[in-house]
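Undergrad: Any chance you could fold what I've pasted below:
(one chain, ligands or ions: 3)
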Amino acid sequence: MAVHNQILTAGQMRDAERKLIAAGISETELMDRAGRGVAEWIWRMAAGRSVTVLCGPGNNGGDGYVIAATLHTRGLPVKVIAPFAPATPPAKAARDTYRGPLAEKFEPASGATFVDCLFGSGLSRPIDNVLADAAAQLRAVHDIGVAVDLPSGIAADMGELLNDVAPYDATFALGAWKPAHWTGPGQDRMGKLRLIDIGIEPADSGTELVGTPIIEPPATGAHKYSRGLVAVVAGAMPGAALLSAQGAMGAGAGYVKLLAEHSHPAAPADLVLDEQSLEEALSDERIGAVLIGPGLGRDRKARARLADALDSRHRLVIDADALHLLGPETLATIDPACILLTPHDGELAALAKAFGAKGDTRLERARALSQQTGAAVLAKGCGTVLCADGRTGLFPPGSSWLSVAGSGDVLAGICAARMAGGASAYRAASKAVYLHHEAAELAGPSFSSSRLAAHVRRAMKQFL
Ligand SMILES: NC(=O)C1=CN([C@@H]2O[C@H](COP(=O)(O)OP(=O)(O)OC[C@H]3O[C@@H](n4cnc5c(N)ncnc54)[C@H](OP(=O)(O)O)[C@@H]3O)[C@@H](O)[C@H]2O)[C@@H](O)CC1
Ligand SMILES: Nc1ncnc2c1ncn2[C@@H]1O[C@H](COP(=O)(O)OP(=O)(O)O)[C@@H](O)[C@H]1O
Ligand SMILES: [K+]
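TA: Ligands and ions are numbered 1, 2, ... in the order given. Sure thing, here's the model as predicted:
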């Protein structure tokens with residue numbers, strides 16, 4: 001059985017392959033499993049119509065020969081285009097098993113299904129433009145595009161686009177997911193994702209596809225404080241904090257307080273307004289988590305409110321404006337295990353600069369920032385990345401309708417509710433991302449963020 005939440009880099013994949021080879025399974029056998037597994041799907045997708053397979057020099061090309069041979073033997077019209085000679089022993093052996101038509105350079109080929117086996121996890125640099133254009137041309141003249149392991153031009157470990165890559169209808173990941181399948185700019189070129197089992201053993205790679213969470217209902221003897229008291233610190237623009245508070249109220253907090261200087265006309269009756277000085281309001285020992293950032297502002301007053309929140313020693317979700325006020329000195333005396341940072345890409349870039357966290361991609365930066373600060377980092381966007389304690393979690397994609405102002409405020413509120421209930425920052429953020437995605441599904445298309453917040457409560461039901 002394939003391990004469905006295992007994510008391996010290209011190097012970890014080679015190590016896993018070496019282990020299987022040491023256990024007596026040949027490279028040819030692994031390639032056979034991969035190629036045959038993909039061929040089963042293509043057989044169904046092609047439905048008797050022609051297939052063109054583009055093969056590169058490495059083992060990704062080798063998989064292509066196995067696919068072509070399997071489909072050709074079954075009587076499907078297949079053509080292989082192989083602008084490179086196979087360079088590895090299993091790819092050479094696979095080519096020898098294919099008896100159908102083969103072109104050794106690019107030539108026009110149209111047909112129903114195009115199978116991209118040019119490069120997989122071994123892509124080490126951008127593909128030459130002439131070759132990349134010819135592959136894109138082939139993709140364009142076929143009705144269906146299928147990528148084997150990865151669309152050629154996407155780097156396996158970080159998901160960068162090394163070339164312009166046309167979108168595919170399906171991508172078949174071989175043996176284990178690679179980070180590129182779930183995050184990075186190449187993610188939206190993959191189409192439907194399927195994992196092909198080739199017998200890779202479970203191994204803790206430090207990176208996982210976070211699975212569907214289970215949320216426990218309140219214990220029989222629960223009371224509002226045991227379920228979690230969330231304190232949302234409001235600032236210059238209280239509307240954003242209100243959205244966060246609504247997210248937290250839907251996500252199972254027992255009690256949500258808005259720490260604001262004035263009431264807000266849209267505040268619901270079940271949201272408690274605490275108008276004491278922030279320092280006093282935060283001295284309540286019963287607070288389970290504090291959320292600060294949405295609508296905070298970035299002026300002197302905002303800095304003072306952030307300092308109070310940090311001094312309170314409560315568990316903290318830090319989002320939005322507050323992320324722009326952080327630096328190594330502001331976090332120096334805080335236990336980082338108490339902190340969840342929830343930046344979007346702009347905020348992540350600012351944090352990476354402030355903390356000297358290097359990286360070109362969201363994944364690299366989020367890991368570096370978590371390592372530098374010791375805090376959990378939820379780097380959100382299409383292809384959200386969660387990093388804490390040396391672990392990385394990636395997620396199935398959420399609705400693109402989430403790209404609406406205030407959607408992140410709602411997410412931060414959900415995170416705070418789950419943290420106030422006692423979960424670690426990693427687990428709280430994992431659950432929050434699933435709840436946020438589910439609320440978006442339930443809210444349907446074109447929702448505003450207050451509609452999104454209103455659906456968090458119903459989203460909980462999916463995970464109970
Ligand atoms: N691991 C496993 O368990 C299994 C792996 N399997 C399959 O193997 C794939 C990985 O195979 P792989 O390592 O041979 O890499 P692959 O992607 O075919 O390309 C490498 C070749 O391309 C070359 N090259 C690189 N970039 C280039 C460029 N821009 N332009 C031109 N050339 C470039 C590079 O040569 P270089 O010049 O870098 O020395 C090398 O010759 C994996 O994705 C999966 O499909 C399965 O069979 C089942 C088991
Ligand atoms: N295209 C997209 N696909 C999926 N999720 C998205 C997309 N765009 C944004 N999101 C999600 O929506 C939220 C936006 O957060 P953020 O940028 O902080 O918004 P705001 O600051 O307006 O509240 C994040 O959770 C992000 O993951
Ligand atoms: K490929």
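Undergrad: Could you report the pLDDT at G120?
TA: What the model reports for G120 is a pLDDT of 98.
Undergrad: oh, I was asking about A304
TA: According to the prediction, A304 has pLDDT 98.
Undergrad: separation between it and V317?
TA: Distance of A304 to V317, computed by Cβ to Cβ, to the nearest Å: 19 Å. For the C-beta atoms, the positions are set from N, CA and C on the backbone; glycine is no exception.
Undergrad: same question, G297
TA: 17 Å.
Undergrad: higher neighbour count, those two?
TA: Under the criterion of other Cβ atoms under 10 Å, the comparison of G297 against V317 puts V317 first, with 36 against 16.
Undergrad: Quick check, the more buried one in contact with A289.
TA: Yes - under the criterion of Cβ atoms under 8 Å, V317 makes contact with A289 at 6.3 Å.
Undergrad: Give me the three-state assignment for I414.
TA: Going by DSSP: H, G, I helix; E, B strand; the rest coil, the secondary structure assigned to I414 is helix.
Undergrad: Per-residue pLDDT of it, please?
TA: pLDDT, I414: 98.
Undergrad: That one touches L435, doesn't it?
TA: Yes - with contact defined as Cβ under 8 Å, I414 counts as touching L435 (5.2 Å).
Undergrad: Now for those two: what residues contact both?
TA: With contacts taken as Cβ atoms under 8 Å, 6 or more residues apart in numbering, the residues that reach both I414 and L435 are A251, V456.
Undergrad: of the two, who's got more company?
TA: I414 (33 against 29).
Undergrad: how close does the more buried one sit to S407?
TA: When Cβ to Cβ is the yardstick, I414 and S407 sit 11 Å from each other.
Undergrad: Equivalent analysis for S399, please.
TA: For S399 relative to S407 (Cβ to Cβ), the value is 10 Å.
Undergrad: Give me the common contacts of those two.
TA: Here S399 and S407 share the contacting residues A440, scored by Cβ under 8 Å, 6+ apart.
Undergrad: Between these two, which is the more surrounded one?
TA: Counting neighbours by other Cβ under 10 Å for S399 and for S407 shows that S407 has the greater number, 24 against 18.
Undergrad: host element of the residue of the stretch 101-250 of the chain found nearest ligand 2?
TA: In the stretch 101-250 of the chain, the residue that lies nearest ligand 2 is A240 (7.2 Å; Cβ to the nearest ligand atom). In the assignment (DSSP states H and E), A240 maps to helix 238-250.
Undergrad: and that helix, what other elements does it pack with?
TA: The elements that helix 238-250 packs onto, with contact taken as 3 or more Cβ pairs under 8 Å, 6 or more residues apart in numbering; DSSP states H and E, are strand 229-233, strand 255-259, strand 287-292, helix 407-420, helix 449-461.
Undergrad: highest average neighbour count across the ones you listed?
TA: helix 407-420 (a mean of 31; mean count of other Cβ atoms under 10 Å).
Undergrad: then that one to PDB, C-alphas only?
TA: As requested, the backbone C-alpha atoms of helix 407-420 are provided in PDB (Å, rounded to 0.1, in the frame of the first residue of the first chain):
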ATOM      1  CA  SER A 407     -10.200  35.500   4.700                       C
ATOM      2  CA  GLY A 408      -6.900  35.400   6.600                       C
ATOM      3  CA  ASP A 409      -8.400  37.100   9.600                       C
ATOM      4  CA  VAL A 410     -11.000  34.400   9.800                       C
ATOM      5  CA  LEU A 411      -8.200  31.700   9.600                       C
ATOM      6  CA  ALA A 412      -6.200  33.400  12.400                       C
ATOM      7  CA  GLY A 413      -9.300  33.300  14.600                       C
ATOM      8  CA  ILE A 414      -9.800  29.600  13.900                       C
ATOM      9  CA  CYS A 415      -6.200  29.000  14.800                       C
ATOM     10  CA  ALA A 416      -6.600  30.800  18.100                       C
ATOM     11  CA  ALA A 417      -9.700  28.800  19.000                       C
ATOM     12  CA  ARG A 418      -7.900  25.500  18.400                       C
ATOM     13  CA  MET A 419      -4.800  26.700  20.300                       C
ATOM     14  CA  ALA A 420      -6.900  27.900  23.200                       C
END
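Undergrad: Please compute how far that helix lies from its chain's middle.
TA: Offset of helix 407-420 from its chain centre (Cα atoms, centre = their mean, to the nearest Å): 18 Å.
Undergrad: ditto for stretch 441-455
TA: 21 Å.
Undergrad: what's the span of that stretch, first residue to last?
TA: 9 Å (Cα to Cα, to the nearest Å).
Undergrad: now stretch 118-127
TA: The straight-line separation of the ends of stretch 118-127 (Cα to Cα) is 10 Å.
Undergrad: so how many other residues sit close to E29?
TA: Other residues near E29 number 15, with proximity taken as other Cβ under 10 Å.
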